[in-house]
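> model the structure of this input:
(2 chains)
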Amino acid sequence: MKTDTRFTSRLRHDPLVRGLGWTSALLGVPQVVAPADFARALGVDDTPRNRLATTAVGVRELAAAAGLLGRPHPAWLWGRVSGDLIDLASLTRALKNHDGRGLGRTVAATAAVSAITATDVYAAVTRTRGSAPMQLTATTTVTEPPDEVYGLWSDLERLPSFMAHLDEVRVTGPRTSRWRASAPFGKTVEWDAETTQQIPGRLIAWRSVDGADIDNSGEVRLEPAPGDRGTEIRVTLRYDLPGGALGKAAARYFGEEPHQQLDDDLRRFKQIAETGEVVRSEGAPGGKRARGEFPQHPARPLTEDELKEAAA
Amino acid sequence: MKASCWTGRNSVKVRDVPEPSILNSRDAIVKITSTAICGSDLHLLDGYVPTMQKGDIMGHEFMGEVVEVGPGIRNGKLRVGDRVVVPFPIACGACASCRAELYSCCENSNPNSGISEKLFGHPTAGIYGYSHLTGGFAGGQAEYARVVFADVNAFKIESDLSDEQVLFLSDILPTGYMGAELCDIQEGDVVAVWGAGPVGQFAMDSARVLGAEKVIAIDKETYRLDMAAAQGYATVDFEEVDVRSALLELTGGRGPDKCIDAVGMEATHGASHLDLYDRAKQAVRSETDRPHALRQAILSCRSGGVVSVIGVYGGLIDKFPAGAWMNRSLTLRTGQCHVQKYMKPLLGLIEQGSIDPTRVITHRLPLTEAATGYDMFKNKKDHCEKVVLKP
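Numbers count the residues shown, from 1 in each chain, chains lettered A, B, ... in the order given. Predicted structure coming up:
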C-alpha cells in the first residue's frame, strides 16, 4: 500500500517562499565565508564573539535556504521568524552598548532586519493559515471478485465498521447521505454527501455538498487483479483540512496521521472482505476504534471492564 | 489464571491474569496441557525484538483441549473437547498468502500491521506472545489461551500420541523441517546446520529424512554437539576450529552442498574481534542483528548451493557477503515457518517413527517455574536444550 500527498509542491512554486529562500542563501554565504567583514559592515566590533555569532547566523540562514528551496514547509518559515527575533534581540543589544562608531550602519541593519521579520511573519501566517488541500491515496488487493467488493463498499452505512474516523453514515436519498466523523481534539464534524458517479463493479465517487465543515471528496476504483487474484482497490480522498498545515502538524502530534489512518482503514476493509470481520488482538482490542497502533494494551486477556470498553 | 509474563528486559514472571475470552467470531479458547519455551522467545526476553510491553504473555508453542468455540466456527470444524496443537503464525486462511500456503505472511491476522509494514516493507502474520509488532496477541505460556481463526489454526490430534510427541508441531519441528525442505536436498547431499539448538536438531533430522547423505552440526556447546553426534551427525565446534576450514576438510574442499542457518540475530562468533564489531554496532542501533552464522554459511557453501535461513532476524544487518552470494551462484531461501502447511505430513513422520520430537526435551517444569526455565535455556545451564512447561 502506498500513500502520497501533494502538499509540498504548492509551496515549491510560491514566489514569496522562494524569494525568502534566496534571501536566506544570499545572506548566509557572506556570513559564513567572511564573518569578520560582515560584522564590520553591520557596524559592530570585529570581536571573536561577534564573528562566531555571525557564522552561526549564517549557518542558520543556509539551513533555512535549503529547507525553503528544497522541501518547502511552513515550519521553515516559522523557523525564520524565530531566527529573526534572535537577530533583533542581538541588534538591540548592540545598539544599547554601541560606542558610536558605525552607529548609522547598525541602525540601518536593525531596520532591515525588522522589515525582513515583518515579511517572514506575513509569509508564515498566510502560508499556514487557511485550508490545505490534501490528497491521500491508498491501494490494496483483496481475493474477492470486483462485484463482491463493490457490494461491500457501496453499502455506505457499513463504512464506519472499518473506517476509524467515521461514527455514522446515514443514507438520506437515492444519491445523498449524511456523514458524521470525529475530528482531532474531540470535535465532531458532519456533512452531507452526494454520490457523483457510480459504475457497478468499477467505481464509486462522492463529494460533500456545499456547507460542509470540511469540503471533501473521494473515489474508490475497482479493477480485476491480474492472474485471477481478485480485485485491486484504489482509494483517493481529497479534503481541505481546517487549520491548514499547522492543523495538520498538530493533528499528527495527537496521533491522527492521515496517511496511516487511510492505510489502516483499507486494511480493515480487506479483513472484512476476506474474513468477515475486523481482527482483534489483546494488545489492540478496539478493532476499528484503534487510532493508530500505539499506545497498546499489554498482550494479556482483558478484564471484564476492558472487555466492555472494547466491545462498546 | 497463571501466565508467564514479560516484565522487562531479561525478566519473566508468572502472574495472575484474567482468563481469555472470545474477541472474534472464529476464536476458540484452549485449556493448555503443554507449552514450551522457544529459542526465539529469548530474543523477546532480552529486548532485541522491539515493541514488547510489560505484562505481555509469552509463548507461541502450545497445545491443549478446546473448551469454548466462537459462533463463526461452522460445520463442526472444531468442537469443545477436541485435542489440538496450535501453530505459531496466525493465518486467516482466506488471503492470497494463505491460499499460496505462505501462512506466516498472512495479510489479515496482524492488527498492528502498520508497524511491521514499516520495518519489513510488507506486513507479516500475527504471532501469539511475540511482541506487538506481530499483533499484540496473548501467548500460550498460560493456563488458557485464545486461538484466532481457530478453524484454520487449531490442528486436531486424533491419535493417542503423547503431548510431548506432538507439541513441537506448533513451531520447532516444522521450522527445522522447512529449513531442510527449502534446501531442495538431493540424494548424496552434504548439509551443514549452524546451531544445534532444538530447531537445528530438527533441521538435521529432516535433512536426513529428505535424503542427505552427510549432516554436519556447528555449535560451541559440547552437550548440543554430543546430542547431534548421538544421531550420527558430524560436528564442528566453532570455538575450537575455523568453521570454513573444518567444513572444507569434511567435504573434500567442495563446501557443503546445502547450508542451514538455524541461529539468527544473536549469533556468537569464535573470533572475538568480529563479535565485538557486531555487538558494538548492535549497541548503537546501527545494526539490529549479528549475522555471523549467515556470513559463514554463505562463505562456506559450495558454488551453486543453497543457503536456507530459518534463524530469526529482526531488522538490518551489516557486511552481508553479497559478492560471494552473487559470484558463486548461491540461492538464498528463507521464511518464518508456514507451520500449517507441514503439520499433517510431519504428524505422519512422527507416527511412522521417522522423527522422534521428544529427543530434544531435557527439562520438564511446572508453568509456575517458567522463569527458571528461561534462565536455564538462555544461559545453557544444566545442559538445557528444550524446556516443556506444564500448566
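> for chain B, give me its nearest residue in chain A.
Per Cβ to the nearest Cβ, residue A:283 is where chain A lies closest to chain B, at 1.9 Å. Where C-beta positions appear, they are placed from N, C-alpha and C, glycine not excepted.
> please state the offset of the helix or strand where residue A:117 lies from the chain centre?
Assigned by DSSP states H and E, residue A:117 belongs to helix A:103-128. Put simply, helix A:103-128 sits 28 Å off its chain's centre (Cα atoms, centre = their mean, to the nearest Å).
> please name every helix or strand in contact with the helix or strand that comes right after it.
Toward the C-terminal end, the helix or strand that comes next after helix A:103-128 (DSSP H and E) is strand A:132-142. In terms of contacts (3 or more Cβ pairs under 8 Å, 6 or more residues apart in numbering or on different chains; DSSP states H and E), strand A:132-142 is packed against strand A:231-241, helix A:244-253, helix A:258-275.
> among these, which is the most enclosed?
With neighbours defined as mean count of other Cβ atoms under 10 Å in any protein chain shown, the helices and strands packed on strand A:132-142 peak in mean count at helix A:258-275, which reaches a mean of 22.
> report the angle between it and strand A:132-142.
20 degrees (axes from the mean of the first three to the mean of the last three Cα atoms, to 10 degrees).
> near chain B at all, helix A:258-275?
Yes: with Cβ under 8 Å from any Cβ of the partner chain as the measure, helix A:258-275 is seen reaching chain B through A:260, A:263-264, A:267, A:270-271, A:274-275.
> nearest to residue B:257 among those residues?
Of all the residues of helix A:258-275 next to chain B, residue B:257 sits closest to residue A:274, with 40.3 Å by Cβ to Cβ.
> report pLDDT for the closest one.
What the model reports for residue A:274 is a pLDDT of 97.
> backbone dihedrals for whichever residue of chain B sits closest to chain A, both of them.
When scored by Cβ to the nearest Cβ, chain B has residue B:136 as its residue closest to chain A, at 1.9 Å. Note on residue B:136: backbone dihedrals following degrees, to the nearest 10 are phi 70, psi 40.
> thought it was touching residue A:297?
Yes: using Cβ atoms under 8 Å, residue B:136 makes contact with residue A:297 at a distance of 7.4 Å.
> which one of those two has more residues nearby?
The residue with more neighbours, out of residue B:136 and residue A:297, is residue B:136; 31 against 21, by other Cβ atoms under 10 Å in any protein chain shown.
> could you find the closest non-adjacent residue to that one?
residue A:283 (1.9 Å; Cβ to Cβ, 6 or more residues apart in numbering or on different chains).
> a strand runs through residue B:119, doesn't it?
No: read with DSSP: H, G, I helix; E, B strand; the rest coil, residue B:119 is helix and lies in no strand.
> quick one, what contacts it?
B:133, B:315 (Cβ atoms under 8 Å, 6 or more residues apart in numbering or on different chains).
> equivalent analysis for residue B:66, please.
Neighbours of residue B:66 in contact, by Cβ under 8 Å, 6+ apart: B:28-31, B:78-84, B:150, B:154.
> go again using 6 Å as the cut-off
Residue B:66 makes contact with B:28, B:30, B:78, B:80, B:82 under the criterion Cβ atoms under 6 Å, 6 or more residues apart in numbering or on different chains.
> ok, what's across the strand from it?
Bridge pairing for residue B:66 (DSSP bridges) gives the partners residue B:30.
> need the per-residue pLDDT for it.
pLDDT, residue B:66: 98.
> before we move on, the earlier item: isn't the residue of chain B closest to chain A up against residue A:280?
No: in this structure residue B:136 lies outside contact range of residue A:280 using Cβ atoms under 6 Å: 9.6 Å.
> which residue is the nearest non-sequential neighbour of residue B:310?
residue B:179 (3.9 Å).
> re the thing from before, weakest of the helices and strands packed on strand A:132-142 in terms of mean pLDDT?
Comparing mean pLDDT over these, the weakest stretch is helix A:244-253, at a mean of 63.
> pLDDT weak spots in chain B?
Residue ranges of chain B with pLDDT under 70: B:272.
> enumerate the residues of it near chain A.
Residues of chain B that fall close to chain A, judged by Cβ under 6 Å from any Cβ of the partner chain: B:17-20, B:23-24, B:53, B:55-57, B:92, B:94-96, B:108, B:111-112, B:114-115, B:132, B:135-138.
> how about the residues of the stretch 101-250 of chain A by chain B?
Selection of the stretch 101-250 of chain A residues close to chain B by Cβ under 6 Å from any Cβ yields residue A:143.
> kindly recompute the last result at 10 Å.
Neighbours of chain B within the stretch 101-250 of chain A, by Cβ under 10 Å from any Cβ of the partner chain: A:140-144, A:225, A:227, A:229-230.
> quick revisit: what residues are up against the residue of chain B closest to chain A?
Shown in contact with residue B:136 (Cβ atoms under 10 Å, 6 or more residues apart in numbering or on different chains): A:280-285, A:293-294, A:296-300, B:51-53, B:56, B:110-112, B:115, B:126, B:129-130.
> show me where the stretch 101-250 of chain B has its helices.
B:113-120, B:150-153, B:163-166, B:172-181, B:198-209, B:222-229, B:243-250 (DSSP state H, counting those that start in this stretch).
> same question, the stretch 251-391 of chain B
Using DSSP H, counting those that start in this stretch, the helices assigned to the stretch 251-391 of chain B run over residues B:272-283, B:292-300, B:322-327, B:339-352, B:370-378.
> quick check: which of the ones you listed is nearest to residue B:6?
Among the helices of the stretch 251-391 of chain B, helix B:370-378 comes nearest to residue B:6, with 10.0 Å by Cβ to Cβ.
> buried stuff in that closest one?
Residues B:370, B:373-374, B:376-378 are the ones in helix B:370-378 that count as buried (16 or more other Cβ atoms under 10 Å in any protein chain shown).
> which helices and strands sit right next to that helix?
Where contact means 3 or more Cβ pairs under 10 Å, 6 or more residues apart in numbering or on different chains; DSSP states H and E, helix B:370-378 is packed against strand B:2-8, strand B:11-16, strand B:28-37, helix B:39-45, strand B:363-366, strand B:387-390.
> mean neighbour count added to the ones you listed, as JSON lines?
Listed next are the helices and strands packed on helix B:370-378 as JSON lines, based on neighbours: other Cβ atoms under 10 Å in any protein chain shown:
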{"stretch": "strand B:2-8", "mean neighbour count": "23"}
{"stretch": "strand B:11-16", "mean neighbour count": "15"}
{"stretch": "strand B:28-37", "mean neighbour count": "24"}
{"stretch": "helix B:39-45", "mean neighbour count": "23"}
{"stretch": "strand B:363-366", "mean neighbour count": "15"}
{"stretch": "strand B:387-390", "mean neighbour count": "21"}
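> want to throw those into TSV with distance to residue A:171?
Formatted as TSV, the helices and strands packed on helix B:370-378 follow (distance: least, Cβ to Cβ, whole Å):
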stretch	distance to residue A:171
strand B:2-8	46
strand B:11-16	49
strand B:28-37	37
helix B:39-45	48
strand B:363-366	58
strand B:387-390	54
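> what's the overlap in contacts for residue B:136 and residue A:297?
With Cβ under 10 Å, 6+ apart as the test, residue B:136 and residue A:297 both reach A:281-285, B:53, B:56.
> show me the contacts for the residue sitting nearest the centre point of chain B.
Among the residues of chain B, the one closest to the centroid is residue B:172, at 4.8 Å (Cα atoms, centre = their mean). If you count contacts by Cβ under 10 Å, 6+ apart, residue B:172 has them with B:36, B:38-40, B:61, B:88, B:197-203, B:262, B:310, B:337, B:339, B:357, B:360, B:386.
> re the thing from before, which neighbours do residue B:136 and residue A:280 share?
residue B:111.
> tell me which stretches of chain A form strands.
With DSSP state E, the ranges of strands along chain A come out as A:132-142, A:166-171, A:176-183, A:187-199, A:203-208, A:216-224, A:231-241.
> of all these, which one comes closest to residue B:315?
Closest approach to residue B:315 among the strands of chain A is made by strand A:132-142 (25.1 Å; Cβ to Cβ).
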